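Engineer: Test case, fold it:
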Amino acid sequence: MSTATDNAQTSPRTAGAESAHRELFRHNRGLLDSRLLARVEEIERDWILPLVDSLDSTGEPVPDRAAWQRLLDGLLAEERTGSPSAEYLAEHATREEFTFVVREFALDGLTEAQNFFPAVPRLPIKAQMAVMRVLIDEFGCGNLQQAHSQLYRLLLAELGLPQEPEGFLDTTGDETFQFLNVFYWLTQRAPHVEYFLGALAYLEASIPDAFTHQARACERLGIRQGRYYTEHLHIDTFHMQEMQLAIKECEAAYGLDPARLWTGARLLSRLIGGAFDAAVARSRELTDRAAA
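Structural biologist: Residues are numbered from 1 along each chain as shown. Prediction:
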């Protein structure tokens with residue numbers, strides 16, 4: 001995972017104050033009237049738009065889809081070597097530290113893929129089918145016990161944590177809120193759907209390697225409900241193929257700007273990497289303070 005945390009707010013929130021990223025998440029999950037939509041766009045204008053513009057202007061030339069694939073493969077290979085945060089979580093984190101990281105990403109696990117649906121009507125029909133096959137898996141093919149969010153609930157229950165999203169609004173860091181919020185922008189307000197396709201293609205391709213560290217931590221710590229992670233180790237390989245098909249079908253039907261795919265991939269790498277590194281660092285800080 002990338003360790004870049006540009007534009008991430010890493011300082012603790014003042015007691016009683018609500019950060020813009022938490023506020024944005026609440027609005028993204030609620031009904032928006034014109035006033036609230038204006039507020040959403042104001043926050044995004046100060047946060048995501050400059051970040052995307054910066055990535056657009058600093059990326060390598062991407063002349064075609066084959067070049068995009070080579071760049072993505074290179075990014076994935078670089079991240080496959082792991083990071084100090086991932087290595088620590090897999091091999092050294094205590095149960096309390098691991099629980100902190102699970103709590104930090106609970107809003108993601110409990111709402112997994114719910115924010116992807118608005119992108120579907122922006123795609124040609126054959127690309128819609130590929131994305132829908134991914135979404136069907138995310139929701140367990142209609143079987144609650146197979147749904148990824150339900151698997152996360154079982155993990156939370158084992159660790160003694162709440163099982164509903166409302167239980168985590170006040171404990172989630174801004175870096176994680178940024179990762180959560182970006183897909184609402186990508187699917188609903190991004191001017192080009194290639195940003196979404198590149199971001200989701202990266203995410204599905206990176207998760208099998210990334211989640212090996214969480215799966216290893218569960219095994220080492222004797223956590224029984226680690227299936228949320230092991231399920232992704234094989235299903236996301238299929239999802240990676242479906243996203244490449246969606247991109248191919250989008251290009252055939254509408255044409256494609258592969259540079260925007262690359263921006264989307266780097267955007268997700270930056271935000272999820274920053275969120276993960278921050279979560280592990282804070283878990284270790286809590287342990288160090290308790291030991292002192």
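Engineer: average pLDDT across the helix ranked longest in the chain?
Structural biologist: Using DSSP state H to define each element, the chain has its longest helix at helix 258-291. Averaged across helix 258-291, pLDDT comes to 94.
Engineer: Which strands and helices lie in contact with it?
Structural biologist: The contact analysis (3 or more C-beta pairs under 8 Å, 6 or more residues apart in numbering; DSSP states H and E) places helix 258-291 against helix 48-58, helix 65-80, helix 84-91, helix 95-104, helix 174-188, helix 193-221. Backbone N, C-alpha and C define where each C-beta goes, glycine included.
Engineer: Run the angle between that helix and helix 95-104 for me.
Structural biologist: 140 degrees (axes from the mean of the first three to the mean of the last three C-alpha atoms, to 10 degrees).
Engineer: relative orientation of helix 258-291 and helix 84-91 in degrees?
Structural biologist: 60 degrees.
Engineer: Tell me which residues of helix 258-291 come out buried.
Structural biologist: Neighbour-count burial for helix 258-291, counted by 16 or more other C-beta atoms under 10 Å, picks out 258-280, 282-284.
Engineer: returning to what we had before: name the stretch from the helices and strands packed on helix 258-291 that approaches residue 33 most closely.
Structural biologist: Across those, residue 33 has its closest neighbour in helix 174-188 (15.3 Å, C-beta to C-beta).
Engineer: orientation of the closest one relative to helix 258-291 in degrees?
Structural biologist: 160 degrees.
Engineer: quick revisit: any chance of the helices and strands packed on helix 258-291 in TSV, plus mean neighbour count, mean pLDDT and distance to residue 163?
Structural biologist: Shown next, in TSV, are those (neighbours: other C-beta atoms under 10 Å; pLDDT from 0 to 100; distance: least, C-beta to C-beta, whole Å):
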stretch	mean neighbour count	mean pLDDT	distance to residue 163
helix 48-58	15	96	30
helix 65-80	15	96	31
helix 84-91	18	97	22
helix 95-104	19	98	12
helix 174-188	24	98	18
helix 193-221	22	97	18
